[in-house]
Each structure stands twice: as structure tokens, then as C-alpha cells.
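1. take a look and give me a structure for this.
(2 chains)
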Number of protein chains: 2
Amino acid sequence: MRKIPLPSIERLSNIYGLLRKLEKSGIKTVSSAQIGKNINATNATVRKDISYLSMPSVAGRDYNVAKLKKYIGQDLKFFKQRKACIIGLGRIGTAILAYEGFKDEGFEIAAGFDVSLNKIEMIISQVSLHLIHELESIIRSREIEIGIICTPPEAAQDTANKLLKANIKGIINCTTAMVSVPEEVIIRNIDYTGYLRIVSALISQRK
Amino acid sequence: MRKIPLPSIERLSNIYGLLRKLEKSGIKTVSSAQIGKNINATNATVRKDISYLSMPSVAGRDYNVAKLKKYIGQDLKFFKQRKACIIGLGRIGTAILAYEGFKDEGFEIAAGFDVSLNKIEMIISQVSLHLIHELESIIRSREIEIGIICTPPEAAQDTANKLLKANIKGIINCTTAMVSVPEEVIIRNIDYTGYLRIVSALISQRK
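-> Below is the predicted model:
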């Protein structure tokens, strides 16, 4: 398989999410225009992204949902199970902890961490919860690859540094703080303000 | 000002978020390559997006952080205050409710809604909280433009329909359900699984 450019990987991941939802709704085919509208990309960009896949090219205009999903899953290795952990068991952290849909998607929340012993003892969860000083040893022993930072913003960089020390491969930063990591570590920020900003800008443009 | 294509608006919004963070860290200039790395786009795409702004083109390679931020804010109308409301006051909903940083960014959470009177009475917040049947009248009277759906997934589409009836302009869907809205309404989904998937795909590609 050819090396897929990073922005295409990101869009193909989003297309995969869309295809899963379409499949659940019983929809069998989808056009590149419909895909584009959903993931906010042009028609041409969608076709270009899909052309990177090992899937034989399609004659007609519409894609078969199941087939396209299969090829993205295969080429982007979504069938590999991956373990993640949550650091910071406040509102967002416990909401993610309680979400049962990840397993279905190939992700396992393998541990949760907090600085407060009280929180760890109070929270009822299937996931094993630990004090933060156990972070490195548990990440290594359970082969956890992704860390989800849900701490207060002031603790975000320090948490990231601990994750890096444990050789984490990817970080999802759910705080409002900016977190720096070395080039080889993947990081994505979930930023509610950012979404409000995008929706706001699109509303302005529409008028 | 020229009409900016939708994907460029989305990226410019993300660039604006980055510039705000850089400014807070005291960083004065930034290259298109650094911006691209942060928002996951190529150098050329970043320069193209910025070329849509009313800002005079830059001779050197680096952008002045404050100046670029000013032009994006102006052209995308981020200086206009906008009101949003939260529907569903569970873990995610109350986490967003408690977040104090929105005001700073020009957003006001003007109301919260839930089906449970008990929740509304129990939650301590500066924001006024109401039963869901008041949704339409409050959105109209307070001129709320954006609805943030934090209900259980089964209630997401029904909530969206209520928001549409109240003439909402934009929706942020924080549930895992797929929500359909008419063409003229802006919708964005915050999807934790989606982020896990992107990070996972990028980890696979790195190896």
C-alpha cells in the first residue's frame, strides 16, 4: 500500500466513522458528495483520499458502504485492538470512562488515573483505577498506547510528560491547555471552544 | 471579502484557536509549516487558506501572530458575541456548563435544559436551567443561535428536531448518534471514538 498523507488519514478515519453510522441506519451506498458534506471536504478531496486505499477503483459514482468501510478499516488497521487510559477522573474523564461504545470500535479503556485517592475509591467502574504515581508502570505492563488527558488545564503538560516517559504513542488532550510533545508522538486536541468557533464562523458565512 | 470555502473556514477557525494559544504563551511569529503541523494540513493549504483573508499578503515566511489573529477574527466575525445553550445535563453537559473559558472567546452559555426537574434543581450554576418544554420559547426570547446536544444518544434526533423548530442556526452534537438536519443548519459532531480512531490510524502509519 502507498503511504497515505496525514490529512488524508484523518479524513479517511472520519469517513470510516460516517460509514459505520450509515451501516447502522441500513444505508447501502453513498456518493462522494454526500461523504464530503458530512466530513466537510470537497467531492474531489474525498475521491482523492479514497484513491489511496488498496480498494479497486469504482466505475459508478456511488460507493458501497460495507466495501468502502472494509478497505478503510483494513488499510488504516482499525481491526487491531488498542488500549487507552484516562488521566483525570473529573466530569469529562468519568463520562469517557462510562462510555460503553469503545469496545465495539476496537478500543479498550484499560485504566483510569487520578491524583485523588478519594475519587478512585468513590467511582464505580469496570475499569481499574489507580493513583497517578502508578501511571508509568501500568502503561508499560498493560501495553497501553493512547493516553486521554482529562485533568485540569494546569496539569495537562505535566501529565503529558509522564505519558511520554511511559513511551505512550498517542495522546488525546481534552483540556483547554496547549500541550507540547515530540514529533514522533501523535496528539489531537478535543476543544469545545474550537467547535463553537467553527459553527459560529459557518453561521456568519451563511448569512 | 471573497466568499471563503467551507473547509477553509473550518481550518481558519482552528488556526485562530492555535494563534490564541500561541499569544498566551508569548510567541510572536509563526510559520505556515508550524501552523500546518498543528492543524494537520499541508504548508500550501495553510497559505491558501490565509490568502482568502482581507489581510495584505506577507513578504517573509513567518506570520505575525497578533496580526493574523486579528484578520481571521475580523473576517470570520469572531468578535460578535453569540449565545449557546446546552441540552442534557449529564456528565458532559455539566462539564461544559461549568467551563468558564467560553465568555473570553465571545460565547455565552445562555441556558441549560434537561428532562429531569430533579437535575435542574440540584445543579448549582450561574446559567439559568430549565425543563425541556421551555426550549423553544427561551431560544427565541434570548436569541440563542447554537444548541449543544449532550443528551443520551437515543434522544439526540428528537432534541435536534426541537432545536430546529426553535429556528436554531447551529448544532454541536456531543452524542454518539447521527443527527440529520436540513442543509441550511450547521452541524458538527464531537466524537471521542472518532478521535481515538484518528490517533490509532496515525500510530499505525508511523510504524
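2. any idea which helix is longest in chain A?
-> helix A:6-24 (DSSP state H).
3. so how far is that one off the chain centroid?
-> Distance, stretch centre to chain centre, for helix A:6-24: 11 Å (Cα atoms, centre = their mean, to the nearest Å).
4. now that helix: buried residues?
-> A:6-22 (16 or more other Cβ atoms under 10 Å in any protein chain shown). Yep, even glycine has a C-beta here, placed from its N, CA and C like the rest.
5. and the residue lying closest to A:Arg61 once chain neighbours are set aside, what does it touch?
-> Distances taken as Cβ to Cβ, 6 or more residues apart in numbering or on different chains place A:Ser31 nearest to A:Arg61, at 5.7 Å, with adjacent residues excluded. The contact partners of A:Ser31, taken as Cβ atoms under 8 Å, 6 or more residues apart in numbering or on different chains, are A:61-63.
6. out of the residues you listed, which are inside strands?
-> Taking DSSP state E, the ones among the contacts of A:Ser31 that sit in strands are A:62-63.
7. got a winner among the contacts of A:Ser31 for most neighbours?
-> For these, the largest number of neighbours (other Cβ atoms under 10 Å in any protein chain shown) sits with A:Tyr63, at 24 neighbours.
8. quick check: beta-bridge partners of that residue?
-> Assessed by DSSP bridges, A:Tyr63 has beta-bridge partners A:Val30.
9. which residues does it contact?
-> Contact analysis of A:Tyr63 by Cβ under 8 Å, 6+ apart lists A:29-32, A:35, A:50.
10. ok, back up a step: now render the contacts of A:Ser31 as JSON lines, adding pLDDT.
-> Formatted as JSON lines, these follow (pLDDT from 0 to 100):
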{"residue": "A:Arg61", "pLDDT": "75"}
{"residue": "A:Asp62", "pLDDT": "91"}
{"residue": "A:Tyr63", "pLDDT": "94"}
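11. and which of the contacts of A:Ser31 is nearest to A:Leu76?
-> Nearest to A:Leu76 among these is A:Tyr63, at 16.0 Å by Cβ to Cβ.
12. against A:Arg188, how distant is the residue nearest the centre of chain A?
-> Residue closest to the mean C-alpha point of chain A, counted by Cα atoms, centre = their mean, is A:Ile172 at 7.3 Å. Per Cβ to Cβ, to the nearest Å, A:Ile172 is found 6 Å from A:Arg188.
13. got any residues that touch both of those two?
-> Common neighbours of A:Ile172 and A:Arg188 (Cβ under 8 Å, 6+ apart) are B:195, B:199.
14. how about the helices in chain A?
-> A:6-24, A:32-39, A:43-51, A:65-75, A:91-98, A:117-122, A:135-142, A:156-165, A:192-206.
15. so which of those helices is nearest B:Glu183?
-> The nearest among the helices of chain A, by Cβ to Cβ, is helix A:32-39 at 8.6 Å.
16. any idea of the angle the longest strand seen in chain A forms with helix A:91-98?
-> Assignment by DSSP E gives strand A:107-114 as the longest strand of chain A. Per axes from the mean of the first three to the mean of the last three Cα atoms, to 10 degrees, the angle that strand A:107-114 makes with helix A:91-98 is 140 degrees.
17. and strand A:107-114, what's buried?
-> Buried positions in strand A:107-114, judged by neighbour count with 16+ other Cβ under 10 Å: A:107, A:109-114.
18. same thing with stretch A:94-105?
-> Neighbour counts over stretch A:94-105 (16+ other Cβ under 10 Å) mark A:94-97, A:99, A:102, A:105 as buried.
19. now the residues you listed as TSV including distance to chain B?
-> Shown next, in TSV, are the buried residues of stretch A:94-105 (distance: Cβ to the nearest Cβ, whole Å):
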residue	distance to chain B
A:Thr94	6
A:Ala95	4
A:Ile96	6
A:Leu97	9
A:Tyr99	7
A:Phe102	6
A:Glu105	5
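20. now do stretch A:191-207: everything it contacts.
-> So stretch A:191-207 is contacted by A:176, B:3-4, B:6, B:9-10, B:12-14, B:16-17, B:76-78, B:80, B:82, B:84, B:96, B:99, B:101-102, B:105-107, B:145-146, B:169-172, B:184, B:186, B:188, B:190 (Cβ under 8 Å, 6+ apart).
21. for that stretch, the distance to its chain's centre please.
-> Worked out by Cα atoms, centre = their mean, stretch A:191-207 lies 21 Å from the chain centre.
22. do the same with stretch A:86-103
-> With Cα atoms, centre = their mean as the basis, stretch A:86-103 stands 13 Å off its chain's centre.
23. follow-up on the earlier one: most neighbours among the contacts of A:Tyr63, please name it.
-> Result: A:Ile35 is most packed of the contacts of A:Tyr63 (other Cβ under 10 Å), 24 neighbours.
24. can you tell me how far that one is from A:Thr45?
-> 10 Å.
25. Serialize the contacts of A:Tyr63 to JSON lines and add fields for pLDDT.
-> Supplementary listing: the contacts of A:Tyr63 in JSON lines, determined by pLDDT from 0 to 100:
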{"residue": "A:Thr29", "pLDDT": "95"}
{"residue": "A:Val30", "pLDDT": "95"}
{"residue": "A:Ser31", "pLDDT": "93"}
{"residue": "A:Ser32", "pLDDT": "91"}
{"residue": "A:Ile35", "pLDDT": "92"}
{"residue": "A:Ile50", "pLDDT": "95"}
